[in-house]
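Undergrad: need coordinates for the following:
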Amino acid sequence: MKSIMIALTLSLAAAPGWLARAQSYQPQGVALNKACYDAANAKPPIWKQQNIPADTIELRYQRELALCSGASADASAFVASINFDLARFARRYLAGGMTSSLYIALSRDRGRKLRHGLRDTAWLSAYAAGPDADGDLVPDSRDQCPTSAPESPTADNGCPSTEPLPAAPDPALLKRLTAKAGMMMDPDCANAPVPRVAAPYRAGYELITGNYLLGVLHQNNQPNHCMVAYEVRLTYSARKVGSAPPTLTLGAVYDRSESKNTSNTAAYYMLFRNDQGSAGPKKALWDLARQYGRYKMTVRVMNGAGMSSGWSEPVDLPAALWRPLKVQ
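TA: As a prediction, the model looks like this:
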């Protein structure tokens, strides 16, 4: 796996289920509507032909994805702006144009406003009606300081925050926190589009070796060298072992470079192996999946700019046994 810089993002534990983390608009346990996603995915090329600025295209697209995930019209506009800002701040931080202290402060600022806005429908309505002249996500109708400096934390009344900037953490701590949050930043992904949605294909144990394999179909649309990762989630049922829970949900994240497919289908067919030597969630997959007879599998694609395809539609399939793979 290539070395990447991981940038701090905020915790959204207090947000509703349909907004689990920045750049992901997927309700927990609900798949992105494919027809809606396909319609949204077709719009950016049209907007580009109309010479609409790239930032406007990204905001519109983020809003379309939020709508597909069940957000209201007002909430989708607010969420799109939050995620757009987080990605913009991260790119500036990576480029050396923002200190880590300011970056952390702005991330916390956006997180606080997100939680506040999602609890206050009047705030969302006021933001959607506009304007927000200084771009601090406080609508002008509520903003007592509507000309605050760009990229500066503000209080809920829109005036500059009086809190001191947080102390800059050491790089090792920053990496641990952001890895836990699930955000990654890769300079090679600076101009990358939103990843295309992937499709679950297969999961099961390999005959003879007993390795546990996951197959994902994905037409990659990311730039060369841009970090691409796949988060796979499986919900198991039809237990075979009486002591096992009736259902079990497991998941793991795989870098694209971890695919074991070396055949002529490798460009679009990702094959991930879990075995006795795996660690963490991957080891749990190898240990526990054999206790069930059926599974639902869903997957989302994430790139090194922190953008996500949204979760695929879940595929409900019986557990399978595969012949040994001819891969290293």
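
Undergrad: all strands for the chain, in order.
TA: Using DSSP state E, the strands of the chain run over 199-206, 212-217, 228-239, 248-255, 269-274, 292-303, 315-318, 320-322.

Undergrad: contact partners for the closest residue to residue 40 other than its chain neighbours?
TA: Once flanking residues are discounted, residue 40 sits nearest to residue 64: 3.7 Å by C-beta to C-beta, 6 or more residues apart in numbering. Every residue, glycine included, has its C-beta placed from N, CA and C. The neighbours of residue 64, taking C-beta atoms under 8 Å, 6 or more residues apart in numbering as the test, are 39-40, 43.

Undergrad: and what of residue 268?
TA: When the contact criterion is C-beta under 8 Å, 6+ apart, the partners of residue 268 are 217-220.

Undergrad: out of these, which is most surrounded?
TA: Scoring the contacts of residue 268 on neighbours with other C-beta atoms under 10 Å, the highest-scoring entry is residue 218 at 23 neighbours.

Undergrad: so what's that residue scoring on pLDDT?
TA: Looking at residue 218, its pLDDT reads 92.

Undergrad: for it, give its distance to residue 228.
TA: 8 Å (C-beta to C-beta, to the nearest Å).

Undergrad: what do those two both touch?
TA: With C-beta under 8 Å, 6+ apart as the test, residue 218 and residue 228 both reach residue 301.

Undergrad: returning to what we had before: closest one to residue 161 out of the contacts of residue 268, please.
TA: Nearest to residue 161 among those is residue 220, at 40.7 Å by C-beta to C-beta.

Undergrad: so what's the closest one closest to, chain neighbours aside?
TA: Using C-beta to C-beta, 6+ apart, the closest residue to residue 220 is residue 228 (6.3 Å).

Undergrad: ok, now which ones touch the one you found?
TA: 195, 220, 222, 255-256, 301-304.

Undergrad: tell me what it is bridged to.
TA: Beta-bridge pairing of residue 228 under DSSP bridges involves residue 303.

Undergrad: separation between it and residue 216?
TA: Remark: distance between residue 228 and residue 216 (C-beta to C-beta) = 11 Å.

Undergrad: again with residue 44
TA: The value you get for residue 44 to residue 216, if C-beta to C-beta is used, is 24 Å.

Undergrad: between the two, which is the more surrounded one?
TA: A count of neighbours by other C-beta under 10 Å puts residue 216 above the other of residue 44 and residue 216, at 25 against 18.

Undergrad: got the contact list for the closest residue in space to that one that isn't next to it in sequence?
TA: Closest residue to residue 216 apart from its sequence neighbours, by C-beta to C-beta, 6+ apart: residue 270 at 4.3 Å. For residue 270, the contact set (C-beta under 8 Å, 6+ apart) comprises 198, 215-218, 230, 254, 256, 259, 261.

Undergrad: pLDDT at residue 270, what is it?
TA: The model reports residue 270 with a pLDDT of 93.
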